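J.: any chance you could fold what I've pasted below:
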Amino acid sequence: MVEEKVKTTPKNVAEANQALFRATMNLPAAAKHCGMTQKEMKLTFWEFLKYHPCDYQV
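T.: Purely as a prediction, here's the structure:
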């Protein structure tokens, strides 16, 4: 069984970042969704967090 490489698109990355932000997807699943390595996904998510502040109150 050969897995096809998922193409990384801005839409896939945005979906994965939102899923990570809302904790509906874990890091390995988000990276696979985007066709990225876990390290690339981590770096992308850290950038996402810089520009998207928390939207909840404690």
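J.: any weak-confidence spans in the chain?
T.: 1-3 (pLDDT under 70).
J.: hey, where'd the helices end up in it?
T.: Taking DSSP state H as the criterion, the chain contains helices spanning 10-21, 27-34, 38-51.
J.: looking at those, which is nearest to residue 4?
T.: Between residue 4 and the helices of the chain, the shortest gap by Cβ to Cβ is with helix 27-34, which sits at 11.7 Å. Bear in mind the C-beta positions are built from the backbone N, C-alpha and C, glycine included.
J.: elements contacting the closest one?
T.: helix 10-21, helix 38-51 (3 or more Cβ pairs under 8 Å, 6 or more residues apart in numbering; DSSP states H and E).
J.: any idea which of those is most buried?
T.: Ranked by mean neighbour count, the helices and strands packed on helix 27-34 are led by helix 10-21 with a mean of 16 (mean count of other Cβ atoms under 10 Å).
J.: before we move on, back to that, wait, which of the helices and strands packed on helix 27-34 is closest to residue 28?
T.: helix 38-51 (6.1 Å).
J.: mind putting the helices and strands packed on helix 27-34 into a markdown table with distance to residue 28?
T.: Output for those, formatted as a markdown table (distance: least, Cβ to Cβ, whole Å):
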| stretch | distance to residue 28 |
| --- | --- |
| helix 10-21 | 11 |
| helix 38-51 | 6 |
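J.: looking at those, which is nearest to residue 30?
T.: Distance to residue 30, taken as Cβ to Cβ, is lowest for helix 10-21 among the helices and strands packed on helix 27-34, at 3.9 Å.
J.: list of residues touching the closest one?
T.: Helix 10-21 has contacts (Cβ atoms under 8 Å, 6 or more residues apart in numbering) with 6, 25-27, 29-31, 33-36, 41, 44-45, 48-49, 52.
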